[in-house]
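1. return atomic coordinates for the entry below.
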Amino acid sequence: DLVECLQEGRIESLAAVPGVAYMQDNGMILKKNKTAIFDLDTIPFIDRDLYHDLNLYSHHSILTSRGCPHSCKFCCNWGVGVKKCRSRSPINVVEELKYLKEKYGANTVYFADDLFFFNESQRIEFCDLVLANGLDIEWVAQLRADNLSEKLLRVMKKSGCVKLCFGIESGSQEILNSIGKRIKLEQIRNTFKLLSD
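-> Sure, this is the predicted structure:
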């Protein structure tokens, strides 16, 4: 709405655009935001042709969610717009992977979400779909160190996962508690033991 308003030169119509803030008569006007989109599968894939020649790159990034089910004190992701976290379905994400592979020759995909899918069943479903579709693609994701199993790690590796990023934040339990991380050092140690086995 904002982009269309500016492109058409309708500056006077800014007041009708949801979610904008602007100054007027020495005061700030803040317009109420639109209702959040809860079914993220209804959002079309990004039109990457708007960028310069993406065929020059084999590495692409994807966002699969909005928000986060955790509420670490240092992070804004759980409080942006809507408290309810939302995720695309694994099949929708795999369809975008296929699109990137076919149209741009993507070899590597980085999942830019702070938390790659919100639960293990979605992660396993995603991996199974990558394998069932014969997608030869490497991928990188970010996870917490307290929600991984050996079964999940094996299927992730088999489906092309080459790197996992973890926000450990601290080796002090006291600090982890104070920042609301809600994770135990023992859970972190166990995860890295799983990764090294």
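
2. packing partners for the helix or strand bottoming out on mean pLDDT in the chain?
-> Using mean pLDDT, DSSP states H and E, strand 21-24 stands out as the lowest-scoring helix or strand of the chain, at a mean of 82. When contacts are defined as 3 or more C-beta pairs under 8 Å, 6 or more residues apart in numbering; DSSP states H and E, strand 21-24 packs onto strand 27-30. (C-beta placed from N, C-alpha, C; glycine too.)

3. the strand it packs on pairs with which strands, parallel or anti?
-> Strand 27-30 pairs in its sheet with strand 21-24 (antiparallel), by DSSP bridges.

4. so how far is the partner strand off the chain centroid?
-> With C-alpha atoms, centre = their mean, to the nearest Å as the basis, strand 21-24 stands 31 Å off its chain's centre.

5. show residues contacting that strand.
-> By C-beta atoms under 8 Å, 6 or more residues apart in numbering, the surrounding residues in contact with strand 21-24 are Leu14, Met28, Ile29, Leu30, Lys31.

6. can you map out the helices along this protein?
-> Under the criterion DSSP state H, helices of the chain are mapped to 2-7, 90-104, 120-132, 150-158, 173-178, 185-196.

7. thinking again about what came up before, out of the contacts of strand 21-24, the closest to Ile188 would be?
-> When those are ranked by distance to Ile188 (C-beta to C-beta), Leu30 comes first, at 40.5 Å.

8. how about the closest one: what's its closest non-neighbour residue?
-> Leaving aside its chain neighbours, Leu30 sits nearest to Ala21 (4.5 Å; criterion: C-beta to C-beta, 6 or more residues apart in numbering).

9. can I assume Ser87 is in contact with Gln122?
-> Yes - using C-beta atoms under 8 Å, Ser87 makes contact with Gln122 at a distance of 6.8 Å.

10. and those two? which has more neighbours close in?
-> Neighbour tally, Ser87 and Gln122, criterion other C-beta atoms under 10 Å: the higher count belongs to Ser87, 21 against 18.

11. picking that back up, give the buried residues for the least confident helix or strand of the chain.
-> Buried residues in strand 21-24, counted by 16 or more other C-beta atoms under 10 Å: none are found.

12. and what of stretch 32-45?
-> Quick answer for stretch 32-45 (16+ other C-beta under 10 Å): Leu40.
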